[in-house]
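Peer 1: Requesting a structural model of the entry that follows:
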Amino acid sequence: MALSPTLVPPILLLILIPMFLGSVSASSPLKTDTLKPGQQLRDWEQLISSGGVFTLGFFTPPESSTFLLGSAGLRYIVWVGNPTESVSDSSGSLSIDTNGNLKITRANASPIMVSQKPVGHLSLAGNVSATLLDSGNFVIRDIGPGGVPGRVLWQSFDHPTNMLLPGMKIGFNLKTKKEVSVTSWISNQVPASGAFRLGLDPSGAHQLLVWRHGEIYWSSGVLTNNGSSQLTLELSREYLDYEFKFGSDKYMKYFSYSIKKTNSSVFSSWLLDNLGQITVTNVLRSNTSSSWISESSQPCTTDLKNSSGICIKEKPTACRKGSEYFEPRRGYMMDNSYYGDSLSLGLSDCHGSCWRNCSCIAFQSFSDGQCQYWGRGSKFVPYDSFTFEQKIYVLDSVK
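Peer 2: Next up, the predicted model:
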């Protein structure tokens, strides 16, 4: 028998919802894009960017019972404020503390810090505010005379999760010597950092890399405004002009992208999923219609004749020559079950462990990082039902 997935608590999440999807139905009494000292953003409230493009509030991931703070677009979650520590009930609220930092308070637990800067870098808390911009960036700024917004003291764009948005920079912070990169989630329910990371090539080449546990997993190839060998963007380039920038300033060496002006309003995003793939989504809206364009980098499907197999690239081993793959099937396994010794960083880790073990013929991945495996002699029993969500990944090979 398989374990039941562990329920994950809610998290506070910044959510982007384009205006053309309809008005936001939140009952927020704030009705503003800005959080000021002395105010609280509570569980049922939302900040809404001035153009109605993004919302920020608490959300609960699918099949979960916990709350996260984050932002989303087109019902996409684009940023999570508390990816590693969730709120277990509806008591969470976001506020600006006496040092000018964003924090989530909750019942019967210590606060969760969303932003944290040395006190010396900030004005008095009464002279700062936190604003959700139409770009999807959530910023803390000085407030000058007459309430005029001043310099940015902290911004969510410097702390990406699994989504790259236009104007967001990934690369290397020249002051802190730290890398700014996009990281996959462990699962759709757990936004903590998973096995994959998207960032700028440290060699200086104008390309992006995806690492899997520190090893290069995928390369974009040299990237120009027309795309690259591994990120062709063929579908969207029929309608859009990209502008890719590899640049540097006194703060960062970075990559960013933008969409040149069109006759339509455009929502664009690059998602790094828990299989290590980059999915580029563009939504174009005119006065009469809306069009979705989605395309992915696919590092492993070109050699896979069975398109239903899970797309994770693995190195050949003594018993896996490359024609094998794991196919997701609805049903359950009989006998010879065992569990991993420790929590993994998601589906790809379970896949890798089973791939390297010659006796492993199937596995299951749970949202909390647990892996269940089955050895030779186990039997798969299909149970294909729309109400049966459990998937077992069963070893097969190209015929």
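Peer 1: contacts and neighbour counts: CA atoms only from here.
Peer 2: OK.
Peer 1: ok, which stretches of the protein are helices?
Peer 2: Listed in chain order, the helices of the chain (DSSP state H) span residues 234-237, 347-356.
Peer 1: Adding mean neighbour count, write these out as a markdown table.
Peer 2: Formatted as a markdown table, the helices of the chain follow (neighbours: other C-alpha atoms under 10 Å):
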| stretch | mean neighbour count |
| --- | --- |
| helix 234-237 | 14 |
| helix 347-356 | 21 |
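Peer 1: weakest of these by average pLDDT?
Peer 2: Ranked by mean pLDDT, these end with helix 234-237 at the bottom, a mean of 79.
Peer 1: Please state the offset of that helix from the chain centre?
Peer 2: Chain-centre distance of helix 234-237: 23 Å, with C-alpha atoms, centre = their mean, to the nearest Å.
Peer 1: pLDDT score assigned to the nearest residue in space to Gln277 that is not next to it in sequence?
Peer 2: Using C-alpha to C-alpha, 6 or more residues apart in numbering and skipping the chain neighbours, the partner closest in space to Gln277 is Ser297 (5.7 Å). On pLDDT, Ser297 comes in at 80.
Peer 1: Equivalent analysis for Ile312, please.
Peer 2: In the predicted model, Ile312 carries a pLDDT score of 88.
Peer 1: so it touches Asn274, yeah?
Peer 2: No. Applying C-alpha atoms under 8 Å as the test, Ile312 and Asn274 come out as separate, 9.7 Å apart.
Peer 1: which residues are common contacts for the two?
Peer 2: Common neighbours of Ile312 and Asn274 are listed as Ser348 (criterion: C-alpha atoms under 8 Å, 6 or more residues apart in numbering).
Peer 1: Of these two, give the one with the bigger neighbour count.
Peer 2: Shown here are Ile312 and Asn274; by other C-alpha atoms under 10 Å, Asn274 has more neighbours (25 against 20).
Peer 1: Pull the contacting residues for the more buried one.
Peer 2: Ser184, Trp185, Ile186, Ser187, Gly194, Ala195, Phe196, Gly346, Leu347, Ser348 are the contacts of Asn274 under C-alpha under 8 Å, 6+ apart.
Peer 1: contacting residues for the last one?
Peer 2: If I follow you right, that is Ser348. Ser348 makes contact with Ala195, Asn274, Leu275, Ile312 under the criterion C-alpha under 8 Å, 6+ apart.
Peer 1: Which single one of those residues is nearest to Tyr254?
Peer 2: Of all those, Ala195 has the smallest distance to Tyr254: 22.1 Å, by C-alpha to C-alpha.
Peer 1: tell me, how many neighbours does that closest one end up with?
Peer 2: Ala195, neighbours per other C-alpha under 10 Å, totals 22.
Peer 1: next one: His213
Peer 2: His213 is flanked by 13 other residues according to other C-alpha under 10 Å.
Peer 1: Against Ser203, how distant is the nearest residue to it once chain neighbours are set aside?
Peer 2: On the basis of C-alpha to C-alpha, 6+ apart, the spatially nearest residue to His213 that is not a chain neighbour turns out to be Ala195, at 5.6 Å. When C-alpha to C-alpha, to the nearest Å is applied, the distance between Ala195 and Ser203 equals 22 Å.
Peer 1: now Cys371
Peer 2: Using C-alpha to C-alpha, one obtains 36 Å as the distance from Cys371 to Ser203.
Peer 1: the more surrounded of these two?
Peer 2: Neighbour tally, Cys371 and Ser203, criterion other C-alpha under 10 Å: the higher count belongs to Cys371, 26 against 7.
Peer 1: ok, and the closest non-adjacent residue to the more buried one?
Peer 2: Distances taken as C-alpha to C-alpha, 6+ apart place Ser365 nearest to Cys371, at 4.9 Å, with adjacent residues excluded.
Peer 1: can you put the helices of the chain in TSV and add distance to Tyr76?
Peer 2: Shown next, in TSV, are the helices of the chain (distance: least, C-alpha to C-alpha, whole Å):
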stretch	distance to Tyr76
helix 234-237	19
helix 347-356	21
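Peer 1: among those, which is nearest Leu174?
Peer 2: Judged by C-alpha to C-alpha, the one of these that comes nearest to Leu174 is helix 347-356, at 32.0 Å.
Peer 1: Would you list the phi and psi of His213?
Peer 2: Main-chain dihedrals, His213, degrees, to the nearest 10: phi 50, psi 40.
Peer 1: wait, isn't it in contact with Leu198?
Peer 2: No. At 11.4 Å, His213 does not count as touching Leu198 under the criterion of C-alpha under 8 Å.
Peer 1: contacting residues around Gln116?
Peer 2: Counting by C-alpha under 8 Å, 6+ apart, Gln116 touches Asn101, Leu102.
Peer 1: What's the local residue count around Gly377?
Peer 2: As a burial measure, the neighbour count of Gly377 was computed by other C-alpha under 10 Å and equals 12.
Peer 1: So for it, what's the nearest residue that isn't a sequence neighbour?
Peer 2: Here the nearest residue to Gly377 in space, its sequence neighbours aside, is Asn336; by C-alpha to C-alpha, 6+ apart that works out to 7.1 Å.
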